[in-house]
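Engineer: let's see this in three dimensions:
(one chain, ligands or ions: 2)
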Amino acid sequence: MEKRKLIIDCDPGVDDAVMLAFAAAHREKFEILAVTTVSGNQDIEKVTRNALDLTAFYGLSVPVAQGMGTPLVKEPCYAPETHGESGLGSLRLPPSQQKVTEEPAVLFMYRILKALPEGEKLTIAATGPLTNIAVLLKLFPEIKGKIREILFMGGSLCGGNVTAAAEFNFYVDPEAAGIVLHSGIPLVMCGLDVTEKCTLTRNQILKLCQSGYPAARACGDMMGFSLENTPDKYRGETSVHDVVPLMYLIYPEIFSGKTQILDVECGGGSARGAVLGGFRWWRNEEADANVYVLTEADKEKFQEYLITALYALGAAE
Ligand code: BDR
Ligand code: CA
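Structural biologist: Ligands and ions are numbered 1, 2, ... in the order given. Prediction:
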């Protein structure tokens, strides 16, 4: 089977780190051309350090490019309560000797896209604020035709996790999210509507922590940090948001959703970062709806496929 060409744009981050493990466990499915980083869960230096250390730890041989250190308009805000001061909970990884690419992420992405053979396209999976992608599309609009689709973890039609209205990645950079939503590129939104249904339980995490497989243990350790340091502690399970875009690429049959035209609130009020969709189905018929919004997931299958993948990565030993 031909591998899907993929760029992963992320801000590791606990669930980004688990997503990279999931990607590494499926390397026969993906040709990962770059891992690019963006300021989000922690500052750009920390998330880039994490991306380098994680890819080395998982045995994923891929260039890592450092991306935007601030959102387009506002100051950055981080999420240490969920991801810890380092971004990876209390996990300590062996430092990788690999260096980041000389070119910053946006230029590196552009070069990869430009070098694609005539007629070929690639997929972008984005699990942090959409700053890098927005800058790429603004600087090089001619490159849009080379992007097969963008799957992003971000946004929500069912209320937020940072404010009542907004999900973290959209809250951090709604202006960037708006540019992507209006790009005309086929999009798959893996927002809280679906990712809140994609959880691992305390017991499942404990088993990962107790396993003899280093990658599974590391992921268990990180998710355990998020579980115990946030209100997730009381519900006994934690969402593994960022795995959803890649899970969807491999197992689309466990998800369902609807196609919509979306917008995002960029004002400074209490709704900043909220996704505006609504139920005006007739608009979707008048214009080209370009966002497939995932809304449902088979939770048991999600758990089974994720846990199996983390054990399969035992090879990282
Ligand atoms: C998103 O916010 C970040 O904290 C996570 O890594 C995920 O990408 C969930 O709202
Ligand atoms: Ca993330």
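Engineer: how about the strands in the protein?
Structural biologist: Taking DSSP state E as the test, the strands found in the chain are 4-10, 30-37, 64-65, 122-126, 147-153, 187-190, 199-201, 237-239, 255-260, 263-264, 275-276, 291-297.
Engineer: centre of the chain versus the longest one, how much separation?
Structural biologist: Meaning strand 30-37. Relative to its parent chain, strand 30-37 has a centroid offset of 12 Å by CA atoms, centre = their mean, to the nearest Å.
Engineer: would it count as contacting ligand 2?
Structural biologist: No. Judged by CB under 5 Å from the ion, strand 30-37 stays clear of ligand 2, getting no closer than 10.5 Å. (C-beta placed from N, C-alpha, C; glycine too.)
Engineer: can I get the strands of the chain in a markdown table with mean pLDDT?
Structural biologist: Putting the strands of the chain into a markdown table (pLDDT from 0 to 100) gives the following:
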| stretch | mean pLDDT |
| --- | --- |
| strand 4-10 | 98 |
| strand 30-37 | 98 |
| strand 64-65 | 98 |
| strand 122-126 | 98 |
| strand 147-153 | 98 |
| strand 187-190 | 98 |
| strand 199-201 | 98 |
| strand 237-239 | 98 |
| strand 255-260 | 94 |
| strand 263-264 | 96 |
| strand 275-276 | 96 |
| strand 291-297 | 97 |
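Engineer: among those, which is nearest L310?
Structural biologist: strand 199-201 (9.8 Å; CB to CB).
Engineer: okay, now F279: neighbour count?
Structural biologist: 9 (other CB atoms under 10 Å).
Engineer: scratch that, P104 is what I was asking about
Structural biologist: With other CB under 10 Å as criterion, P104 counts 17.
Engineer: I figured it was touching G67, is that so?
Structural biologist: Yes. Counting by CB atoms under 8 Å, P104 does reach G67; the two are 6.5 Å apart.
Engineer: so what's the residue in the stretch 51-200 of the chain that ligand 1 sits nearest to up against?
Structural biologist: Nearest residue of the stretch 51-200 of the chain to ligand 1, counting by CB to the nearest ligand atom: F168, 3.5 Å away. The contact partners of F168, by CB atoms under 8 Å, 6 or more residues apart in numbering, come to 40, 79, 154, 161-162.
Engineer: highest neighbour count among these?
Structural biologist: G154 leads the contacts of F168 on contacts (other CB under 10 Å) with 33 neighbours.
Engineer: how much space separates that residue from A17?
Structural biologist: 17 Å (CB to CB, to the nearest Å).
Engineer: which stretches of the stretch 151-300 of the chain have low pLDDT?
Structural biologist: For the stretch 151-300 of the chain, the stretches flagged by pLDDT under 70 are 284-287.
Engineer: near ligand 1, which residues of it?
Structural biologist: 153, 161, 167-169, 241-242 (CB under 6 Å from any ligand atom).
Engineer: hang on, the earlier thing: how about TSV for the strands of the chain, with mean neighbour count added?
Structural biologist: Below are the strands of the chain laid out as TSV (neighbours: other CB atoms under 10 Å):
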stretch	mean neighbour count
strand 4-10	24
strand 30-37	23
strand 64-65	26
strand 122-126	24
strand 147-153	22
strand 187-190	26
strand 199-201	21
strand 237-239	21
strand 255-260	18
strand 263-264	21
strand 275-276	22
strand 291-297	21
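Engineer: what is the neighbour count of A17?
Structural biologist: Quick note: A17 (other CB under 10 Å) scores 29 neighbours.
Engineer: what do you get for L206?
Structural biologist: Count around L206 with other CB under 10 Å applied: 14.
Engineer: and what of the one 10 residues further on?
Structural biologist: Around A216 sit 24 other residues, with neighbours defined as other CB under 10 Å.
Engineer: OK, contacts around it?
Structural biologist: Here A216 is in contact with 208, 307, 310-311, 313-314 (criterion: CB under 8 Å, 6+ apart).
Engineer: what number of residues lie near the residue lying closest to it once chain neighbours are set aside?
Structural biologist: What sits nearest to A216 in space, not counting adjacent residues and going by CB to CB, 6 or more residues apart in numbering, is L310, at 4.2 Å. Neighbour count for L310, taken as other CB under 10 Å: 24.
Engineer: list the contacts of L310.
Structural biologist: L310 neighbours (CB under 8 Å, 6+ apart): 18, 21-22, 25, 208, 213, 215-216, 219.
Engineer: how far away is it from K207?
Structural biologist: For L310, the distance to K207 - CB to CB - is 10 Å.
Engineer: also G184?
Structural biologist: Counting by CB to CB, the gap from G184 to K207 is 44 Å.
Engineer: ok, those two, which is more surrounded?
Structural biologist: The residue with more neighbours, out of G184 and K207, is K207; 15 against 10, by other CB under 10 Å.
Engineer: the more buried one touches G220, doesn't it?
Structural biologist: Yes. At 7.4 Å, K207 counts as touching G220 under the criterion of CB under 8 Å.
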